[in-house]
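Colleague: sequence and predicted model, in that order:
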Amino acid sequence: MAETVSLMEPLLPGAGTEKLNDLSFDLVSKANKFAGMLNPVVSKSVGNLVRSMNCYYSNLIEGHDTTPRDIDKALSEEYSSEPKKRALQKEAVAHIAVQKIIDHGLAPEIYPLSSKYGQWIHQEFCSRLPEELLWVENPDTQEKMQVIPGKLRDGVVTVGRHIPPRPENLDRFLNRFDEAYDPKKLSTSNRIISVAASHHRYAWIHPFFDGNGRVVRLMSYAALKEMDIGSELWSVARGLARRSDDYKKLLQAADEPRRGDLDGRGNLSQAALIDFCEFFLSVCIDQIEFMHKLLDFKTLSERMKTHVEEMIKLKELPKGSYALLREALLVGEFDRGQVIEITGLKDRAARDVLYALTKKGLLVSDTPRGAVRLGFPIDIVERWFPLLYPSTQ
């Protein structure tokens, strides 16, 4: 059978999308309520934490289980002496580096749901990987194939039961991908739905020998940010990883041909594409709701207070610590000269509190005498942000 671009139609759900429209509206509404709930300085600090979390879950989906603590060490350039663990730590650092470029607005001015953006992500990500992670093996022939950053694959691959387009046809399929998800041609609701639909269809094309999953999740992340729905404070990858079996099952189902005359007019199942899109958007909504509850000022400050009081009883922190942390949570950052006023302690005692908090990384600063803001060392994450990671991590 000739490989025509019609093989991956439909690229957007057609009829039967009322629920998708409702989910799109709900997603925008929840995102708007979530936006601006934290001081911008605090948001930036939480964003660093969530960026590591996004990396952890995205890699976990691929079967690469690098613990949050190992990721934290890697960001401080503390790498394991064990080669495999060290390689995975470097992979995590690469993922975080690419997302940081996106978060800081330094990515190319290309629409995220496009083939060029996907190649840019692959180039940036893979160029930071160690050599041993740039080779994949054909499970049937045991042939070793090199992954070249940003370069489309030049060989045939099989993904489960799905055989993606042949390498000589990739350009045509990617051009059709770009045409179908061009935001100028879509309504606001369809632009949101297109993030979900394109997530599957890009994976279906499978343009690279390896890295396609992480590339498409970063594309989806960047697209949601561009629509002012996504932010540094939540990650769809967490939801997808926590429902990994459903994610992979629905991706696979959407690979299947249509199920008869009532299943659209394209080659692939329209009903399965709708199911995947509903799942994807529902996961987005769920993750916004989760982070909204987690970052609510009252509940977060109470968790912080309980934890700090325990540390004071254990003599790991001095009295007055919570007052400084609460101030940082409330206003973002404050000058070191304000510690006496905030704590109500005398000069030496107030400075001792500040020193203890900075030593533990609970308050951080860009310079030794600069203003301080909240830090989130890995040791406190489980207490301040329960269920952010699996409890075993």
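Modeller: Yep, it's here. Computed from a predicted structure; not experimentally measured.
Colleague: ok, longest helix in this protein?
Modeller: Determined from DSSP state H, the single longest helix within the chain is helix 270-294.
Colleague: list the buried residues of whichever helix or strand comes after that helix.
Modeller: For helix 270-294, the succeeding helix or strand toward the C-terminus, using DSSP states H and E, is helix 297-313. Within helix 297-313, the residues scored as buried using 16 or more other Cβ atoms under 10 Å are 300, 301, 303, 304, 307, 308, 311. The C-beta positions use only the backbone N, C-alpha and C, and glycine is treated the same way.
Colleague: again with stretch 377-393
Modeller: So, applying 16+ other Cβ under 10 Å, buried residues of stretch 377-393: 378, 380, 381, 384, 385, 388, 389, 393.
Colleague: look up how far residue 391 lies from the fifth one.
Modeller: Put plainly, it is residue 385. To residue 391, residue 385 is 12 Å away according to Cβ to Cβ, to the nearest Å.
Colleague: so where's the protein uncertain?
Modeller: Counting by pLDDT under 70, the chain shows low-confidence ranges at 1, 15-16, 392-393.
Colleague: show me the strands in it, by range?
Modeller: 135-137, 144-146, 333-334, 363-365, 372-374 (DSSP state E).
Colleague: so which of those gets nearest residue 127?
Modeller: For residue 127, the closest of those is strand 144-146, at 13.4 Å, according to Cβ to Cβ.
Colleague: centre of the chain to that closest one, how far?
Modeller: The chain centre lies 28 Å from the centre of strand 144-146; the measure is Cα atoms, centre = their mean, to the nearest Å.
Colleague: cool, stretch 343-362 as well?
Modeller: 35 Å.
Colleague: out of everything not next to it in sequence, what's closest to the residue sitting nearest the centre point of the chain?
Modeller: Residue closest to the mean C-alpha point of the chain, counted by Cα atoms, centre = their mean, is residue 54 at 3.6 Å. Nearest non-adjacent residue to residue 54, counting by Cβ to Cβ, 6 or more residues apart in numbering: residue 235, 3.9 Å away.
Colleague: that neighbour and residue 50 touch, don't they?
Modeller: Yes - Residue 235 sits in contact with residue 50 when judged by Cβ atoms under 8 Å, with a separation of 5.9 Å.
Colleague: give me the more crowded residue out of those two.
Modeller: residue 235 (28 against 24; other Cβ atoms under 10 Å).
Colleague: separation between the more buried one and residue 354?
Modeller: Counting by Cβ to Cβ, the gap from residue 235 to residue 354 is 32 Å.
Colleague: same question for residue 54.
Modeller: Residue 54 is 31 Å from residue 354, by Cβ to Cβ.
Colleague: what does residue 234 give?
Modeller: Applying Cβ to Cβ to residue 234 and residue 354 gives a distance of 31 Å.
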